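Chemist: Below are the sequence and a predicted model; questions follow.
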Amino acid sequence: MLINPASSADARLAAAKDWLSLVALNSYPGLNQGYKGDFMRWRELSLTYTAPRNLADRLGARDIAVSLTGRNLMLWTKYPGHDPEVNIYSAGVVAGLQNNFNEGIDGFGLPLPRRVALSVRLGY
């Protein structure tokens, strides 16, 4: 009806309204809600302790440094999903016009993991 040139303007308008009521922003039913994605994230914290020279000498090293690093430590948001920064492609962004709507879907992405690392550096 929409592309039939013999149909009247009123018939095309009615067909367009029917069609628009069936169209979703994405292809996954139930994921067409829109929420504010405001958030604040504590992305990274790193603490390093450099040991005194006499401790390094006892171990036969020139210097010793111990570091504790954390990533994605805290997330403050009112967003009801698991992470407003993650989309259907997880944390990556895939370019292309066909993916414009999918970048706003968090239905299948995984939240950013919290990571903690401890490292010891001995300089000789």
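Modeler: Cool, the structure landed.
Chemist: which other residues reach the longest strand belonging to the chain?
Modeler: Ordering each strand of the chain by length in residues (DSSP state E) puts strand 63-77 first. Contact with strand 63-77 is made by 37-51, 53, 55-56, 83-84, 112-123, as judged by Cβ atoms under 8 Å, 6 or more residues apart in numbering. (Glycine included, C-beta is placed from N, CA and C.)
Chemist: Next, the buried residues of it.
Modeler: 64, 70, 72, 75, 77 (16 or more other Cβ atoms under 10 Å).
Chemist: circling back: would you mind checking the contacts of strand 63-77 for buried ones?
Modeler: 51, 56, 83-84, 112.
Chemist: Okay, and which of these map to helices?
Modeler: Counting by DSSP state H, those place residue 56 in helices.
Chemist: and which of the buried ones among the contacts of strand 63-77 is nearest to residue 12?
Modeler: Closest to residue 12 out of those is residue 84 (39.5 Å), distances taken as Cβ to Cβ.
Chemist: Just give the nearest non-adjacent residue to that closest one, would you?
Modeler: residue 37 (3.7 Å; Cβ to Cβ, 6 or more residues apart in numbering).
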